[in-house]
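> How does the following fold in three dimensions:
(one chain, ligands or ions: 3)
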Amino acid sequence: MFPAKLPRDNYEGRIIDAMSATKPDIGAPADELPIVPTRREVRGACPMDCPDTCSWVVTVEDGRAVELKGNREHPHTRGALCVKLNRYLEHTRAPDRLLYPLRRVGRKGEGRFARISWDEALREISSRWRRVIARHGPQAIWPYYGTGTLGMLQGTAGAGRRLANALGTSRHLMTICMIAGAEGTGYVLGDNRVGMDPEGFAESKLILLWGANPLSTGHHLWKFIAAARKKGAHLVAIDPIRTRSAAQADEHLAPVPGTDAALALGLLHHVVSAGAEDREFVAERTLGWEAFRERIMGFPPDRVASITGIPKERIRALGERLASTRPTGIKVGIGMQRHGGGGAAIRAITSIPGVTGDWRYPGGGAAYATRGFFPADWSGLWRDDLRPPGTRSLNMNRLGEALLEIDDPPVEALLVYGSNPVASAPHQGKVRRGLEREDLFTVVVEHFPTDTVDYADVVLPATMQPEHADLHCAYGHLYLAWNEPAVEAPGECLPNSEIFRRLAASLGLTEPSLYDSDEEMARQALDVDHPHLVGVTLEKLKRDGWARLNLPRPFVPFAEGFPTPSGKLEFYSERAEADGLDPLPGYTPPNEAAGGAPSRYPLALIAPASHNFLNSIFANKPALREKQGPLRISLHPEDAAARDLRPGDTARVHNDRGAFHAEVEVTDATRPGVVASSKGYWPKLLGANANVNATVDERDADMGGGAVFHDNRVEVDKG
Ligand SMILES: Nc1nc2c(c(=O)[nH]1)N[C@H]1C(S)=C(S)[C@@H](COP(=O)(O)OP(=O)(O)OC[C@H]3O[C@@H](n4cnc5c(=O)[nH]c(N)nc54)[C@H](O)[C@@H]3O)O[C@H]1N2
Ligand SMILES: Nc1nc2c(c(=O)[nH]1)N[C@H]1C(S)=C(S)[C@@H](COP(=O)(O)OP(=O)(O)OC[C@H]3O[C@@H](n4cnc5c(=O)[nH]c(N)nc54)[C@H](O)[C@@H]3O)O[C@H]1N2
Ligand SMILES: [Mo]
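Residues are numbered from 1 along each chain as shown. Ligands and ions are numbered 1, 2, ... in the order given. Below you'll find the model as predicted:
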């Protein structure tokens with residue numbers, strides 16, 4: 001796989017091909033351009049990790065992007081972006097944007113760099129990687145990516161995996177976001193990322209926003225909810241915190257964090273006790289009802305009230321609504337599954353419509369994700385066939401552990417792209433200690449000088465969405481999108497995909513697919529003979545910017561059966577059993593959040609999405625920082641009084657793992673015993689150089705190696 005030197009003609013031939021194939025992505029020289037009008041509209045898509053994957057239109061005047069709008073024709077976007085993206089163009093031109101390759105000149109973590117050329121950068125990376133490979137084999141290299149862009153070419157599940165596979169690096173397990181819940185859903189429905197069509201909420205009569213805060217985290221859903229409410233639907237939020245969305249609901253139930261599975265079983269207890277289960281659906285379309293029914297009967301209101309902290313009258317009242325309202329649609333949040341029992345919680349909630357029969361109706365069911373409906377040729381895109389057998393996998397939630405404790409082989413080189421683990425991964429102090437290792441060679445591909453960039457040996461500047469091509473599916477609706485590059489990249493920024501091609505070339509790799517152009521890869525991804533893609537072509541995507549999967553609106557899934565081994569919705573799952581889990585949906589208590597043994601750290605900390613940042617993206621943007629305000633810790637008046645904390649005080653929030661500082665807010669928006677803060681702040685822009693993740697445990701959830709960001713106990717003192 002590693003010829004000392006490639007035949008020159010082959011080498012250059014491939015590279016020239018690849019570069020010319022990519023050239024339009026990064027702008028052709030002016031003298032090659034045909035005569036074009038000075039003002040044009042270019043269709044694209046928002047690349048952020050958000051369920052809404054908006055379709056957008058960039059207005060370009062004389063080669064400069066002058067306006068960015070939501071696409072009016074797109075049924076989910078309907079002309080609106082969000083507070084974060086409304087001024088995205090400004091962000092692409094921000095003064096702190098990284099424009100050139102850099103080499104570290106200071107200590108690791110210090111963030112002092114000198115400009116180098118692309119040639120120097122690529123030579124340095126390839127020679128360091130060759131040495132690492134010679135010493136420990138390719139698995140000592142870890143390509144570590146996050147959700148900076150969800151693009152199929154540039155992003156998370158993108159084409160970068162080809163290079164990793166061809167090299168035989170360690171596999172990156174993409175676990176930081178939603179995997180525990182995805183596995184939980186998968187045991188019930190048969191596919192990890194499928195569920196109700198979110199547009200169906202317009203038809204619901206009862207809507208449960210369960211651990212979801214769409215007004216902040218994907219507001220385009222709200223218009224469907226609003227349409228249902230206009231027709232009389234009742235909206236209930238289930239969240240330990242009174243979020244923006246909960247404040248708008250007709251009813252808000254605040255459970256003890258991590259106890260949702262018990263609540264789900266308690267609501268079903270009422271449904272079954274009222275004889276309101278859909279017997280025909282249960283008999284014909286589900287598996288394991290008798291055993292599940294028995295499990296449900298173990299969760300009477302008294303028990304559920306004592307686990308969840310919700311008064312039993314309220315559990316009964318909601319149980320009664322659920323028993324008597326068809327269709328009921330459940331928006332299943334992602335935040336909720338970041339607990340020790342998060343997978344079990346989502347599994348129990350996904351089972352509810354199996355009992356009530358709501359999966360039959362438009363507006364009924366549980367909406368966790370839609371990505372599984374996109375039948376892209378993922379294996380063709382990723383080329384997992386190139387990966388040597390037996391390659392090890394590394395869980396991105398355990399970055400600190402992997403860097404400090406693994407030695408079979410050790411991780412000696414990191415290639416970080418689309419991720420800011422110092423801000424976003426668990427156990428910040430440990431991550432920092434790992435990244436400080438002198439013998440670790442870290443490359444970070446970025447837009448901005450993040451806390452993670454500060455630890456890089458080499459920094460590579462990446463293009464932003466208006467400057468590169470990409471293909472997008474979505475996890476919160478059923479539309480594909482094509483992002484056409486609108487403007488030239490500033491400085492020497494390159495698309496991730498082009499950086500991978502150049503890395504492959506400088507390593508002398510001969511696998512031809514490593515040099516495919518972006519458009520070639522997009523065609524490969526769409527080259528699937530599947531009914532959902534009938535009529536969807538790259539040409540259509542390029543013309544309109546988007547296309548709905550070939551599915552009716554709203555789409556009622558599973559009418560022809562569930563993609564489980566039995567073809568039925570599986571209350572009883574042999575696959576779960578084979579994975580060493582409870583064969584039935586049940587309640588798995590959280591590690592820390594719900595108390596248990598007395599602890600020096602009595603407060604359960606939840607730090608979910610901030611309204612104005614997208615994970616850690618935009619946390620360096622002055623206008624949005626101002627809107628978002630300082631990092632806050634919100635305490636219930638009782639908890640604040642017990643600690644003599646007053647609004648505006650600086651508090652130190654801490655446990656054995658670490659500490660951060662935040663401004664005190666006193667509010668009854670949280671339950672006593674629960675404190676709330678926000679993810680996403682850049683540690684280096686905060687007082688103590690730490691954000692909430694300084695306190696978060698590097699521990700797996702019950703399924704899929706998910707993270708436990710909200711299963712975290714702390715104490716709060718005057719800072
Ligand atoms: N503005 C903005 N939008 C975003 C993001 C962002 O950072 N900012 N992040 C994006 C990403 S990466 C994702 S994955 C999605 C997430 O989308 P959501 O799941 O809607 O958002 P979160 O804020 O992570 O979590 C939702 C809610 O779960 C609650 N929660 C936490 N623990 C529990 C629990 O034990 N039980 C219950 N019932 N609720 C609980 C939190 O209080 C929070 O209000 O949002 C995306 N959209
Ligand atoms: N406490 C707490 N922590 C959390 C969460 C929580 O709820 N609470 N939520 C978790 C969740 S849901 C998620 S998804 C993770 C997210 O964690 P990460 O995936 O690490 O996301 P970000 O921190 O936003 O970092 C993404 C980086 O990618 C960069 N980027 C964007 N586009 C591109 C591109 O095209 N090319 C390159 N090279 N870089 C690009 C951005 O500039 C940004 O710095 O955070 C998790 N962390
Ligand atoms: Mo996420």
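
> where along the stretch 1-150 of the chain do the helices fall?
8-26, 88-92, 118-136 (DSSP state H, counting those that start in this stretch).

> Counting by contacts, list what the shortest one packs against.
Secondary-structure packing of helix 88-92 (3 or more C-beta pairs under 8 Å, 6 or more residues apart in numbering; DSSP states H and E): strand 64-70. For glycine as for every other residue, the C-beta is placed from the backbone atoms N, C-alpha and C.

> Could you tell me which strands sit next to the strand it packs on in the sheet, and their orientation?
Strand 64-70 pairs in its sheet with strand 55-61 (antiparallel), by DSSP bridges.

> from the chain's centre, how far out does the strand it pairs with sit?
Centroid displacement of strand 55-61 relative to its chain, using C-alpha atoms, centre = their mean, to the nearest Å, is 25 Å.

> next one: stretch 562-575
With C-alpha atoms, centre = their mean as the basis, stretch 562-575 stands 26 Å off its chain's centre.

> and the residue lying closest to Ala688 once chain neighbours are set aside, helix, strand or coil?
In this structure, Ala688 finds its nearest non-sequential neighbour in His661, 4.5 Å apart by C-beta to C-beta, 6 or more residues apart in numbering. Under the three-state scheme (DSSP: H, G, I helix; E, B strand; the rest coil), His661 adopts strand.

> State the pLDDT value of His661.
Model confidence at His661, given as pLDDT, is 98.

> ditto for Gly535
pLDDT at Gly535 comes out at 95.

> host element of it?
Gly535 is part of no helix or strand, with elements assigned from DSSP states H and E.

> residues contacting it?
Ala547, Asn550 (C-beta atoms under 8 Å, 6 or more residues apart in numbering).

> roughly how far apart are it and ligand 1?
30 Å (C-beta to the nearest ligand atom, to the nearest Å).

> give me phi/psi at that residue?
With angles defined as degrees, to the nearest 10, Gly535 sits at phi 90, psi 0.

> That one and Leu549, how far apart?
Computed as C-beta to C-beta, to the nearest Å, the Gly535 to Leu549 distance reads 10 Å.

> most centrally placed residue in this structure?
Compute the mean C-alpha point of the chain, and by C-alpha atoms, centre = their mean the closest residue is Cys177, 4.4 Å away.

> So it is in contact with Thr147, correct?
Yes: counting by C-beta atoms under 8 Å, Thr147 is a contact partner of Cys177 at 6.2 Å.

> who touches both of those two?
With C-beta under 8 Å, 6+ apart as the test, Cys177 and Thr147 both reach Asp49.

> Count the residues that sit near Arg97.
Applying the criterion other C-beta atoms under 10 Å, we find 17 residues in the vicinity of Arg97.

> tally of neighbours for Ala80?
If you count neighbours by other C-beta under 10 Å, Ala80 ends up with 18.

> my guess is it contacts Gly70, does it?
Yes: between Ala80 and Gly70 a contact is recorded at 4.7 Å, counting by C-beta under 8 Å.

> Residues that sit against both of the two, list them.
Listed as contacting both Ala80 and Gly70 by C-beta under 8 Å, 6+ apart are Cys54.

> In CSV, list the C-alpha atoms belonging to stretch 409-422.
C-alpha atoms of stretch 409-422 as CSV (Å, rounded to 0.1, in the frame of the first residue of the first chain):
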residue,chain,number,x,y,z
PRO,A,409,-0.7,0.7,20.1
PRO,A,410,-0.7,4.1,21.6
VAL,A,411,-2.4,7.0,19.7
GLU,A,412,0.5,8.9,18.4
ALA,A,413,-1.1,11.0,15.7
LEU,A,414,-4.5,12.8,15.7
LEU,A,415,-6.2,14.3,12.6
VAL,A,416,-9.0,16.5,14.1
TYR,A,417,-11.6,17.9,11.7
GLY,A,418,-15.0,19.3,12.2
SER,A,419,-14.6,19.0,15.9
ASN,A,420,-13.6,21.0,18.9
PRO,A,421,-13.1,18.3,21.5
VAL,A,422,-11.5,20.6,24.1
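
> Fine, thanks again, bye for now.
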